[in-house]
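what follows is a predicted structure for the sequence shown.
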Amino acid sequence: MSEDSRLKNLGINIKVARLRRCVSQEKLAEMVGISRNSVSLIETGKLHPTILKVVDIAKSLDIEIGQLLENLG
């Protein structure tokens with residue numbers, strides 16, 4: 001699986017988790033300390049988040065980081 005595919009899948013996992021918890025991009029951005037635009041770019045696989053940001057996102061959504069890393073090959 002290519003790096004681009006992995007980033008897209010990570011973004012999809014983040015978006016699905018966010019929507020399941022009824023959290024807006026703006027609210028998630030506020031909780032994580034990034035811009036709403038950054039959340040959008042991460043969810044579309046266009047921005048490469050650091051592992052620390054992925055941890056922050058998982059904590060903010062109250063899920064295990066492994067859930068965000070599923071299907072990354």
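Structure received. Everything numeric here is computed off the predicted structure, so don't read it as measured data.

how about the lengthiest helix in the chain: buried residues?
The longest helix of the chain (DSSP state H) is helix 3-20. Buried residues in helix 3-20, counted by 16 or more other Cβ atoms under 10 Å: R6, L7, K8, N9, L10, G11, I12, N13, I14, K15, A17, R18. Where C-beta positions appear, they are placed from N, C-alpha and C, glycine not excepted.

K59 and K8: what is the separation?
23 Å (Cβ to Cβ, to the nearest Å).

repeat for V32
Taken as Cβ to Cβ, the span from V32 to K8 is 19 Å.

same check on L47?
From L47 over to K8 (counting by Cβ to Cβ), the distance is 11 Å.

the strand or helix carrying Q67 - what's its average pLDDT?
Assigned by DSSP states H and E, Q67 belongs to helix 65-68. On average, the pLDDT along helix 65-68 is 96.

that one packs against which elements?
helix 3-20, helix 51-60 (3 or more Cβ pairs under 8 Å, 6 or more residues apart in numbering; DSSP states H and E).

what's the angle from the first one to helix 51-60?
Between the axes of helix 3-20 and helix 51-60, defined by axes from the mean of the first three to the mean of the last three Cα atoms, to 10 degrees, the angle is 20 degrees.

right, I'll leave it there.
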